[in-house]
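*Asks:* sequence and predicted model, in that order:
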Amino acid sequence: MTRILIHTDYITLSQFLKFSGAVETGGEAGDEIRAGQVLLNGEPCTVKGKKLYGGEVVTVYGEDYQVVKP
């Protein structure tokens with residue numbers, strides 16, 4: 001699992017995918033989210049603007065990324 005440190009209260013799902021390097025572009029993030037290919041805490045999430053907080057886990061392309069707050 002890759003831990004991604006954020007310095008804000010939350011980050012949106014599409015922003016997180018780009019920030020973590022899981023996808024290269026916002027368009028790719030949107031496409032994967034709309035297609036149901038992104039899991040949030042083990043459940044499919046199709047909301048690009050979903051707010052993520054520390055401790056949540058995003059899975060895309062079989063890789064897990066955890067949101068970490070300082």
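*Replies:* Ah, there it is.
*Asks:* so for stretch 41-50, mean pLDDT?
*Replies:* Averaged across stretch 41-50, pLDDT comes to 97.
*Asks:* same question for stretch 20-34.
*Replies:* Mean predicted confidence for stretch 20-34 is 96.
*Asks:* try stretch 5-17
*Replies:* The average pLDDT within stretch 5-17 is 97.
*Asks:* quick one: that stretch to chain centroid distance?
*Replies:* 8 Å (C-alpha atoms, centre = their mean, to the nearest Å).
*Asks:* list the buried residues in it.
*Replies:* In terms of neighbour count (16 or more other C-beta atoms under 10 Å), stretch 5-17 has its buried residues at 6, 11-17. C-beta: built from backbone N, CA, C; applies to glycine.
*Asks:* can you list the strands that the strand ranked longest in the chain pairs with?
*Replies:* In the chain, taking DSSP state E as the definition, the longest strand is strand 63-68. Paired neighbours of strand 63-68 in the sheet (DSSP bridges): strand 2-5 (parallel), strand 57-60 (antiparallel).
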